[in-house]
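**Student:** Whatever this is, show me its structure:
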Amino acid sequence: MGIGTRFAFTKIFAHDVTSLADFYVATLGLTVKARLDLGEGMDAIEEIILTSGRDDDSSLILWRYLERATPTAGEAVLGFNVPDIEETLRLAELAGGSVTEPPKEFTEMRAIVAFVNDPEGHLLEIVQNF
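**Tutor:** Prediction:
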């Protein structure tokens with residue numbers, strides 16, 4: 001299963017994604033790769049994707065819910081690109097994790113996304129691109 005799997009990103013929640021992006025650009029020299037507005041209603045988010053600019057680099061993603069309170073600082077979302085999302089979810093459950101949000105297709109991102117809690121409750125975002 002490890003072949004084809006890639007640690008792709010870390011997401012942190014922010015109250016003001018633009019100001020926080022400015023901090024990471026000014027402090028670490030990161031660049032803005034994309035700005036996205038996705039979802040609807042309680043699932044609507046604003047997201048800024050930052051990277052060092054290297055081709056193979058993982059991303060730092062700053063995001064906030066538009067219709068929900070920002071979660072407490074200190075928790076992050078670990079993101080993984082996988083070749084088979086259904087198999088990854090099955091293996092996560094077998095290993096003691098739990099699927100918190102089943103796979104959902106985002107055609108504008110050309111991706112299927114699901115969320116899993118590891119056995120200690122840390123949130124993983126599992127992404128299969130198409």
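
**Student:** ok, the closest residue to L28 other than its chain neighbours - contacts?
**Tutor:** Counting by C-beta to C-beta, 6 or more residues apart in numbering, L28 lies nearest to S52, which is 8.0 Å off, once chain neighbours are set aside. All C-beta atoms are positioned from the backbone trio N, CA, C, and that covers glycine. Residues in contact with S52, defined by C-beta atoms under 8 Å, 6 or more residues apart in numbering, are L28, G29, L30, T31.

**Student:** now, which of the residues you listed lie within strands?
**Tutor:** Cross-referencing the contacts of S52 against strands under DSSP state E gives T31.

**Student:** Give the PyMOL command for selecting the buried subset of the contacts of S52.
**Tutor:** A single PyMOL command selects the buried members of these (16 or more other C-beta atoms under 10 Å):
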select buried, resi 30
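
**Student:** Show me which of the contacts of S52 is closest to L91.
**Tutor:** Nearest to L91 among the contacts of S52: L30, at 32.3 Å, using C-beta to C-beta.

**Student:** Next one: that closest one from E46, what distance?
**Tutor:** Going from L30 to E46 by C-beta to C-beta, to the nearest Å gives 18 Å.

**Student:** pLDDT weak spots in this protein?
**Tutor:** Under the criterion pLDDT under 70, the flagged ranges of the chain are 1-3.

**Student:** And the helices in it?
**Tutor:** Under the criterion DSSP state H, the chain carries helices at the ranges 17-28, 85-94.
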